[in-house]
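> sharing a sequence plus its predicted fold:
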There are 2 protein chains.
Amino acid sequence: MKRGTFQLMKSVNKSIILNKIRTGEPISRAQIAKETTLTPPTVSSIVKELIEEGIVRESELGESKGGRKPTMLLINHSAFFVVGVDAGPNKIGCVLADLSGKIYERTSIPLQEITSNEQFLSILVESIRTILKRVDQKGNVIGIGVAMHGVVDVETGTSLVAPNLQLRDIPIKETLENEFQMVIKVENDARAMALGESWFGNHGSLNSMLAVNLGSGVGAGVVINGKLYHGAQDIAGEVGHMTIDMHGEVCECGNRGCLQTFATGSAIAEQAGVDSGEEVFRLANEGNEKYATILKETGAVIGVGLTNLIHIINPQVIVLGGGVAKSQKYILPSIQQTIEERGLTKAAKETKVVISNLGDDATLLGAVALLLVELFE
Amino acid sequence: MKRGTFQLMKSVNKSIILNKIRTGEPISRAQIAKETTLTPPTVSSIVKELIEEGIVRESELGESKGGRKPTMLLINHSAFFVVGVDAGPNKIGCVLADLSGKIYERTSIPLQEITSNEQFLSILVESIRTILKRVDQKGNVIGIGVAMHGVVDVETGTSLVAPNLQLRDIPIKETLENEFQMVIKVENDARAMALGESWFGNHGSLNSMLAVNLGSGVGAGVVINGKLYHGAQDIAGEVGHMTIDMHGEVCECGNRGCLQTFATGSAIAEQAGVDSGEEVFRLANEGNEKYATILKETGAVIGVGLTNLIHIINPQVIVLGGGVAKSQKYILPSIQQTIEERGLTKAAKETKVVISNLGDDATLLGAVALLLVELFE
DNA sequence: ACTTAATTAATTAAATTAAATAAGTGGTGA
DNA sequence: TCACCACTTATTTAATTTAATTAATTAAGT
């Protein structure tokens, strides 16, 4: 456990002030002091340091309230950059973003016939290298965040199980640290998505949020007080294989009635007898009632799964992302209706369910946010 | 957010030292310094305060390791007392316990035909008054913890919904504060049970634990880093109405296939065609295979629910309590087997599932622990 | 003579308090 | 109109305080 030292005292205050600026910019020293109950000298001295470090800058003076005009402070967003990586089952996407989540560069490399950890890692390294080449001031890149599908050991930064690639125990963090000499963070992709939505999704200031990725699989991440919840062995949030229909269809995992047997793109496609989930959405959009009904029914089942999660985790907001969420027009109303019907209490019934504001970038920005958490912590 | 002050610095160290003594007693000042990396003068001065406050005491000298003998420190367990209350659907149980969880006094009052909040509260007040009469040094009672069934607003200490009593919005904390002028903590009973197991259950030092109460209903509590997890509106852990069988039987809540339709005493009794869960257990114990099989099958269904919880929350250990857990002989093996079969990863499969060490006292001791958390925090 | 335990005295980090300085606004009377 | 003064608000400087760390000392052994 962290002991009480002068450094702790200071770092606590530094983080309070930095986050006050981040969430309230532009803001003056005096206002920070008022809102945090820290004294003006403390605020001034810490702000001085933050300015010296380059993370905060002064802007023009603000309006007078009957006295001296306040000097407004801003986060120096474009002073630092972060590389975010989304390592999905089919492709590796990379972005270069600044502290505000603004994306400056993008790359995307498809993954085909990957047969070894080395092969996967060399593609990963290559795509990061490509994006780093486009940065002018290399010194200002503070780190690389990787959102990896499957089960990830966050401590060691190892991908323990990457089911769609048929790989195990990929030493991502170790490899990237050796290659790039930067801070490396590795996280499960659904959890990264949750963090991305919580940082950049404009869902307001939340102390708990659940983000559910409805894509080729179903995964979830929980953010509590700005931090990701991992569970004891980093498998918390594996909601795709939550049993909701004990006597239902057999899932690829061998069990019956997992949420995944209803809620993935391919599950929907199979039920509709077409090639892909997108196809079902397209047909429904063309006015074909049959396909719209299939999507609505899928929404109802997703609602059952989400109601379970509400009763277990009780998040303030649930954010839905991934390909399936794109057919929100059909699924969202039936999801909400199901929760309204099945929720035990008023609070449960009223849990807000929204579609991701970030769309396909949620996971990438989540990978970016992995490093921002460190910076702003 | 708590700002960095000298008080914070000190209270952090005080809590570190106090907990080191609690979990490692008897222990010397020197050993505390070594294990916490605090310096000897810091440890000495804080220990001095703790002794003055009466919560820590010195005992005889320890063994020399080649130099001066260390003075050993202990928690002064019997210097303070706490009242713990278990307000279940059928009775109100009260205990007086010391800091080690040792129970000195007990009362139990049945609840019959409760029709108003006032009536419930007057019985509650009366049972606490009875137990307080038996204390010699009243000043040493540091507070009252109440474990209330149903949904509880922890901030205000209000019982929002007490389903089995048909009551709502019972102002427990307010009433007891006015009556007894002590610190009052109110918590949901399943969560209190979880805290009780985590403090007094001898499950080792855990950073996450899930306790599931299998009784007249099914509820759960999660302890993460020694603290209870509540969720956004204090309804986290309402696992009894987790849907595991979408097309199953209708539950009292109106939905189909809730865990509660399988796992409560009355559900088991109904399935077996006898009067109570206890009866089923008795018949199984008499060697009647039919009833043993029913219990085993119930265990398998509970296993499905627990596997869901493992994949969502991923606790280090799951502790089972409540009446149904008493038939562990029949249900525990099938629970464990089901988890082994259905778990997605090695970690999930190996999640430890154990039966409560505290039995019927788990909730009462959890109520006691609600105050100890404050004291040792 | 060497170890280990605990305390005392001096030093240091970083907060708070109190005071000073900086930079306004607004009113008043010549 | 504008110089001047009283009052605000913002920020910095100087002095004080808290509670840690470091270094040295005392206590009590083997």
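That came in fine, so what should we check first? Owing to the predicted nature of the structure, the values given are computational and were not obtained by experimental measurement.
> let me see the domain layout of chain A.
Listed domain ranges for chain A are A:6-75, A:79-194+A:363-376, A:204-356 (source: automatic domain parsing).
> so for chain A, the centremost residue is which one?
Nearest residue to the geometric centre of chain A (CA atoms, centre = their mean): residue A:193, 2.3 Å.
> which SS class is that residue?
Per DSSP: H, G, I helix; E, B strand; the rest coil, the secondary structure class of residue A:193 is helix.
> any idea how far residue A:189 is from residue B:186?
As for residue A:189, its distance to residue B:186 is 40 Å (criterion: CB to CB, to the nearest Å). From N, CA and C alone the C-beta is placed, and that goes for glycine too.
> for the residue of the stretch 201-350 of chain A found nearest DNA strand D, give me its contacts.
Per CB to the nearest atom of the strand, residue A:205 is where the stretch 201-350 of chain A lies closest to DNA strand D, at 23.1 Å. Contacts here follow CB atoms under 8 Å, 6 or more residues apart in numbering or on different chains; on that basis residue A:205 touches residue A:23.
> now do the phi/psi pair for it.
Recorded main-chain torsions at residue A:205 are phi -90, psi 110, according to degrees, to the nearest 10.
> list the contacts of residue A:347.
Neighbours of residue A:347 in contact, by CB under 8 Å, 6+ apart: A:314, B:232-233, B:235.
> surely residue A:340 touches residue A:349?
Yes: using CB atoms under 8 Å, residue A:340 is in contact with residue A:349, at 5.1 Å.
> overlap of the contact sets of these two?
By CB under 8 Å, 6+ apart, no residue touches both residue A:340 and residue A:349.
> count of neighbours near residue A:80?
22 (other CB atoms under 10 Å in any protein chain shown).
> that one touches residue A:142, doesn't it?
Yes: here residue A:80 reaches residue A:142: they are 5.1 Å apart, a contact under CB under 8 Å.
> who's in contact with residue A:313?
By CB under 8 Å, 6+ apart, the contact set of residue A:313 is A:208, A:210, A:222, B:231, B:236, B:312-313.
> now do residue A:328
Residues counted as contacts of residue A:328 (CB under 8 Å, 6+ apart) are A:320, A:355.
> go again with 10 Å.
Contact analysis of residue A:328 by CB atoms under 10 Å, 6 or more residues apart in numbering or on different chains lists A:295, A:299, A:320, A:335, A:353-356.
> list the ones among those that fall in helices.
A:295, A:299, A:335 (DSSP state H).
> may I have the phi/psi pair for the nearest residue to residue A:63 once chain neighbours are set aside?
Nearest non-adjacent residue to residue A:63, counting by CB to CB, 6 or more residues apart in numbering or on different chains: residue A:69, 7.0 Å away. Main-chain torsions, residue A:69, degrees, to the nearest 10: phi -70, psi 140.
> try residue A:89
phi -70, psi -30.
> count of neighbours near it?
Here the number of neighbours of residue A:89 (other CB under 10 Å) works out to 16.
> quick one: contacts for the residue lying closest to it once chain neighbours are set aside?
Spatial nearest neighbour of residue A:89, chain neighbours left out: residue A:164 (3.2 Å); criterion: CB to CB, 6+ apart. Applying CB under 10 Å, 6+ apart, we find residue A:164 in contact with A:88-90, A:111, A:114, A:149-150, A:216-217.
> now swap in residue A:207 and tell me
Contacts for residue A:207 (CB under 10 Å, 6+ apart) come out as A:223-226, A:315-316, B:232.
> which of the residues you listed are buried, as a ChimeraX select command?
In ChimeraX, a selection of the buried entries from those looks like this (16 or more other CB atoms under 10 Å in any protein chain shown):
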select /A:223,224,226,315,316 /B:232
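> so where do the strands sit in the stretch 1-150 of chain A?
Remark: strands assigned in the stretch 1-150 of chain A by DSSP state E, counting those that start in this stretch are A:27-28, A:56-61, A:71-75, A:81-87, A:91-98, A:103-110, A:141-148.
> for the residue of chain A found nearest DNA strand D, give its distance to residue A:44.
Relative to DNA strand D, the nearest point of chain A is residue A:67 (2.0 Å; CB to the nearest atom of the strand). Distance of residue A:67 to residue A:44, given as CB to CB: 17 Å.
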